[in-house]
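Engineer: Give the three-dimensional model of this entry:
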Amino acid sequence: MKKLGAFLFSFLFLAASICSAATLSGVKLSGVSARSATYMEATGGTVSFDGNYKIHTFLTDGTFTVTTLGNIGTVEYLVVAGGGGGGLSAEHFTGGGGAGGILTASGFPVTAQAYSITVGAGGVAGSNGGGSSFSTISTLGGGYGGDSTNAANSGGSGGGGESSTVNLSGASGTAGQGYAGGDGYGAPGDRFGGGGGGAGGLGVDAVSNVAGDGGIGIDASTSFGSGLPNSGLFGGGGGGSMYITDNGTSHASYGGGAGSTYAAIGDAGTANTGGGGGGGAAGGSGIVIIRYQFQ
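Structural biologist: From the prediction side, this is the model:
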């Protein structure tokens with residue numbers, strides 16, 4: 001019995017010593033300790049920091065290069081296309097431009113390589129915005145607003161309808177990227193353009209004496225921090241324009257441009273927000289943002 005007891009004591013002592021050494025070296029029986037973790041390293045764009053996360057912001061085309069993959073190997077992204085221009089018309093009671101399409105997600109896997117980044121331009125009046133992309137993620141530019149000659153066009157978000165009886169209908173958005181534009185309103189002496197669709201909501205229909213507001217966008221500041229263009233508010237639709245001069249203008253937000261009164265041009269969409277242009281104005285350019293844990 002004494003020999004058996006001595007053997008058990010020696011065995012338990014040896015096992016405890018092995019576990020202790022493993023713990024000190026950073027390896028535990030339950031898995032890899034935090035001390036042995038490695039983190040992603042990458043270059044490209046304008047770099048900023050938010051706690052334990054690094055953020056790469058691309059205002060124009062560029063390259064995101066993963067130089068060290070690390071243990072996690074995933075990123076969070078926001079890809080915003082260029083906003084569509086407002087409707088092009090000599091009368092200037094046209095539909096607002098649709099916002100550029102937006103896609104965002106976390107846990108997107110990457111590898112140690114270079115990724116081309118495309119940032120879409122805002123569309124001029126009567127033209128769709130340009131698409132944006134990162135890796136396999138692509139978004140569509142916003143659709144242009146309708147005018148007396150052309151119906152509103154679809155896109156990431158759809159353009160707003162014009163105020164003639166021919167092109168009243170707002171255009172469709174792309175599922176998962178944006179919403180449809182609002183309808184225009186047309187009657188003799190009472191003509192108002194619909195609001196462009198936003199990445200977060202429908203463009204507003206015009207009614208008698210009131211042009212349609214642009215659809216709302218999204219607030220990305222909670223995920224990517226507030227130190228972003230337009231405080232992280234992206235993808236608002238452009239406001240429609242109106243026939244009369246004494247009834248104010250339609251509203252827009254999240255980077256979308258407001259509409260205008262008769263014989264005037266609306267406001268352009270804000271640069272690097274993907275906002276749609278107000279009636280007769282250009283849309284705002286897009287943006288691509290990539291975020292990952294670096295410590």
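
Engineer: As a check, name the ranges of all helices in the stretch 101-250 of the chain.
Structural biologist: Under the criterion DSSP state H, counting those that start in this stretch, the stretch 101-250 of the chain carries helices at the ranges 221-224.

Engineer: All the strands of it, residue numbers only.
Structural biologist: For the stretch 101-250 of the chain, the strands defined by DSSP state E, counting those that start in this stretch cover 102-109, 114-118, 132-134, 137-139, 185-187, 190-192, 218-219, 233-234.

Engineer: Return the most buried member of those strands.
Structural biologist: strand 233-234 (a mean of 29; mean count of other CB atoms under 10 Å). Just so you know, the C-beta spots here come from the backbone N, C-alpha and C atoms, and that holds for glycine as well.

Engineer: any idea how far Tyr254 is from Gly238?
Structural biologist: For Gly238, the distance to Tyr254 (CB to CB, to the nearest Å) stands at 11 Å.

Engineer: what touches both of the two?
Structural biologist: Common contacts of Gly238 and Tyr254 (CB atoms under 8 Å, 6 or more residues apart in numbering): Gly275.

Engineer: got the strands of the stretch 101-250 of the chain as a markdown table, with mean pLDDT and distance to Thr38 columns?
Structural biologist: Below are the strands of the stretch 101-250 of the chain laid out as a markdown table (pLDDT from 0 to 100; distance: least, CB to CB, whole Å):
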| stretch | mean pLDDT | distance to Thr38 |
| --- | --- | --- |
| strand 102-109 | 98 | 16 |
| strand 114-118 | 98 | 20 |
| strand 132-134 | 98 | 23 |
| strand 137-139 | 98 | 25 |
| strand 185-187 | 87 | 60 |
| strand 190-192 | 86 | 59 |
| strand 218-219 | 97 | 33 |
| strand 233-234 | 98 | 32 |
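
Engineer: Out of those strands, which is closest to Ala175?
Structural biologist: strand 102-109 (11.3 Å; CB to CB).

Engineer: where's the closest one relative to the chain centroid, distance-wise?
Structural biologist: With CA atoms, centre = their mean, to the nearest Å as the basis, strand 102-109 stands 11 Å off its chain's centre.

Engineer: Mind listing the strands it pairs with, and their directions?
Structural biologist: Take DSSP bridges as the rule and strand 102-109 pairs in its sheet with strand 74-80 (antiparallel).

Engineer: List of residues touching the strand it pairs with?
Structural biologist: By CB under 8 Å, 6+ apart, strand 74-80 touches 40, 100-110, 132-134, 137-139, 199, 220, 223-224, 234-235, 272-274, 286-292.
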